[in-house]
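In: this one's structure only:
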């Protein structure tokens with residue numbers, strides 16, 4: 001009886017190992033680049049730390065698409081866009097910069113955080129002819145700040161749709177002719 005149990009256990013090992021190897025594996029965390037941040041905070045003598053970085057980049061039937069928005073805690077806001085580059089859609093490159101009240105810049109960050117921008121994960125769904133949107137929100141606009149980044153081809157979750165809508169509304173009101 002003991003021999004039968006032993007042999008059945010040995011015979012079942014390849015099946016157990018195979019079923020365990022087919023479970024999804026999480027990717028290994030990335031290797032840190034360089035030494036860790038300093039334990040002592042650097043003095044913030046120049047007040048221009050990012051609060052939001054927004055990028056839309058890729059290709060579509062109209063050619064290349066790249067848009068970049070940067071919002072800083074001191075109220076500096078810059079936007080740039082490159083699009084086209086095909087015979088039917090010639091290149092259209094433009095850039096602009098403006099200044100808003102620092103409280104308005106922080107209010108934008110607060111509304112993005114309240115909409116879930118620090119908890120949204122990448123939303124990866126295969127699509128064709130759509131650029132990738134990447135959003136990075138920073139914690140407070142400090143010298144040694146933490147950030148959260150997520151990307152999507154299409155904003156699928158309610159949170160990513162809300163965050164995307166807030167950013168699009170901000171662009172439309174801050175750069176009405178862009």
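Out: Cool, got the structure. Every value quoted in this text rests on a predicted model; they were computed, and no experiment measured them.
In: show the pLDDT at residue 175.
Out: pLDDT recorded at residue 175 is 97.
In: tell me the phi and psi of it?
Out: With angles defined as degrees, to the nearest 10, residue 175 sits at phi -130, psi 70.
In: can you pull the contacts of it?
Out: Shown in contact with residue 175 (CB atoms under 8 Å, 6 or more residues apart in numbering): 79, 96, 98. No exception for glycine: its C-beta is placed from N, CA and C like everyone else's.
In: residue 170: neighbour count?
Out: By other CB atoms under 10 Å, 21 other residues sit near residue 170.
In: ignore what I typed, I meant residue 103.
Out: 10.
In: ok, and what's touching the strand or helix carrying it?
Out: If you go by DSSP states H and E, residue 103 is part of helix 102-114. Applying CB under 8 Å, 6+ apart, the contact partners of helix 102-114 are 51-52, 71-75, 77, 137-138, 141, 163, 166-167, 170.
In: make a ChimeraX selection of the buried ones in the contacts of residue 175.
Out: Per 16 or more other CB atoms under 10 Å, the buried members of the contacts of residue 175 correspond to this ChimeraX selection:
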select :79
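In: residue 124: which of the contacts of residue 175 is nearest?
Out: Closest approach to residue 124 among the contacts of residue 175 (CB to CB): residue 79, at 26.3 Å.
In: residues near the closest residue to that closest one other than its chain neighbours, how many?
Out: With CB to CB, 6 or more residues apart in numbering as the criterion, residue 79 has its nearest non-adjacent residue at 4.9 Å, and that residue is residue 69. Residues within reach of residue 69, counting by other CB under 10 Å, total 21.
In: quickly find the element holding residue 69.
Out: In the assignment (DSSP H and E), residue 69 maps to strand 63-72.
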